[in-house]
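1. Have a look at this prediction, sequence included:
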Amino acid sequence: MKFAQIIDFETERIDDMEALMEERRAATAGGAGGPSRRVLLRDRDNPDRYLVIVHFDSYEEAMRNSEDPATTEMARRIAALCTRPPSFTDCDLMAEDELR
């Protein structure tokens, strides 16, 4: 079963955050495992609040990714850019549809 994690965070430094994500993408390009998709959302009512939906092929793949020391270091660097600690919600992906 596919798996997704929703990360809810606040930052005034989204450009720095995106630069870190690009660094991570470049370092893992062409590799096996890890996230398969990422969606970044900004809260229209609170422009410093963001939600990221990270997709994985399975829960097990997400756990392997979480245990990777490079992931731990990236999470530490991202948290340092946040104005409050991020929160995480783990989800089984039940359905995914294109509506148009």
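-> Noted; the coordinates are in hand.

2. Next, the buried residues of the helix or strand that Glu18 is a member of.
-> Using DSSP states H and E, Glu18 sits in helix 14-28. Across helix 14-28, burial judged by 16 or more other CB atoms under 10 Å covers 14, 17, 24, 28. All C-beta atoms are positioned from the backbone trio N, CA, C, and that covers glycine.

3. The residue nearest to the first one when sequence neighbours are not counted: what secondary structure?
-> Nearest non-adjacent residue to Ile14, counting by CB to CB, 6 or more residues apart in numbering: Tyr50, 6.8 Å away. What DSSP: H, G, I helix; E, B strand; the rest coil gives for Tyr50 is strand.

4. looking at it, Tyr50 is touching Thr11, isn't it?
-> Yes - the criterion here is CB atoms under 8 Å, and Tyr50 meets it with Thr11 at 6.9 Å.

5. Now stretch 70-85: buried residues?
-> 71, 74, 78, 81-82.

6. Include distance to Ser36, pLDDT and secondary structure when you put those residues into JSON lines, please.
-> Output for the buried residues of stretch 70-85, formatted as JSON lines (distance: CB to CB, whole Å; pLDDT from 0 to 100; DSSP: H, G, I helix; E, B strand; the rest coil):
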{"residue": "Thr71", "distance to Ser36": "15", "pLDDT": "89", "secondary structure": "helix"}
{"residue": "Met74", "distance to Ser36": "17", "pLDDT": "90", "secondary structure": "helix"}
{"residue": "Ile78", "distance to Ser36": "19", "pLDDT": "92", "secondary structure": "helix"}
{"residue": "Leu81", "distance to Ser36": "24", "pLDDT": "96", "secondary structure": "coil"}
{"residue": "Cys82", "distance to Ser36": "24", "pLDDT": "97", "secondary structure": "strand"}
